[in-house]
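>>> whatever this is, show me its structure:
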Amino acid sequence: MKNKKNGFLTFCCSLVPGAGEMYMGLYKQGISLMLLFWGAGAIGGWAGVEVLWAIAPVVWFFSFFHTHNLRSMPEEAFLKQEDRYLVFHEYDFESSEEFLKKNKKVIAAALIIFGICMLTQIFMNILNPFFDGFFWDLAWRLNHNVTRIIVALAVIWGGFHMLKGKRGQADEEEAITE
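Next up, the predicted model:
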């Protein structure tokens, strides 16, 4: 059962992402935040993709302020809070095929980017003894900028895709009016 708790203990629990929500009885929200925080760090550390650590401060701040916003709610509003998972809560996990169909491109792009980041880090570690001077510096710079290059290419592709969509939509509207 969820209910408001002691202010000092709420503050102490809010220092750990998800623990404040769980202390107040919102277990699904707390577990979601804990998995996001610790999962991003664990996967980033294991795979050698340190960029995933950028998620950690965002999740920590969200959890901290979310806990204190819940604590400051009037009792009636707090009791109406629905305990739900914060990520993919609108999807029924039993219908994973529907989820995969709707998000196929996003999931594919994320997997490709993650795989490229992992491969560049692995190759940098393997080839470290063979590089010296200019080539090592060049490879090191490419390794640290590969994610930025991929994001830049994705942004450019998204812009062209949006323009193509608008142009195609305008062509259809002109055909309809004629």
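>>> residues contacting the most centrally placed residue in the chain?
The chain has Ile55 as the residue nearest its centroid, 6.4 Å off, counting by C-alpha atoms, centre = their mean. Remark: with contacts taken as C-beta atoms under 8 Å, 6 or more residues apart in numbering, Ile55 is in contact with 36-37, 40. Any C-beta I mention is one placed from the backbone N, CA and C, and that applies to glycine too.
>>> what about 10 Å?
Residues counted as contacts of Ile55 (C-beta atoms under 10 Å, 6 or more residues apart in numbering) are 36-37, 39-41, 43-44.
>>> Leu35 too?
Counting by C-beta under 10 Å, 6+ apart, Leu35 has contacts 17-18, 42, 59, 85-87.
>>> mind doing that once more with 8 Å?
Neighbour list for Leu35: Gly18 [criterion: C-beta under 8 Å, 6+ apart].
>>> likewise for the one 3 residues further on?
Contacts of Trp38 were listed using C-beta under 8 Å, 6+ apart, and they are Pro17.
>>> which helix or strand contains it?
helix 27-47 (DSSP states H and E).
>>> can you name the next helix or strand after that helix?
Heading C-terminal from helix 27-47, the first helix or strand you meet, by DSSP H and E, is helix 55-71.
>>> in CSV, list the C-alpha atoms belonging to that next one.
The C-alpha coordinates for helix 55-71 follow below in CSV (Å, rounded to 0.1, in the frame of the first residue of the first chain):
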residue,chain,number,x,y,z
ILE,A,55,21.8,8.6,-18.8
ALA,A,56,22.6,8.2,-15.1
PRO,A,57,22.4,11.8,-14.0
VAL,A,58,19.2,12.4,-15.8
VAL,A,59,17.6,9.4,-14.1
TRP,A,60,19.0,10.4,-10.7
PHE,A,61,17.6,14.0,-10.9
PHE,A,62,14.3,12.8,-12.2
SER,A,63,14.0,10.3,-9.4
PHE,A,64,15.0,12.8,-6.8
PHE,A,65,12.6,15.5,-7.8
HIS,A,66,9.8,13.0,-8.6
THR,A,67,10.0,11.6,-5.1
HIS,A,68,9.8,15.1,-3.6
ASN,A,69,7.0,16.1,-5.9
LEU,A,70,5.0,13.0,-4.8
ARG,A,71,5.8,13.9,-1.1
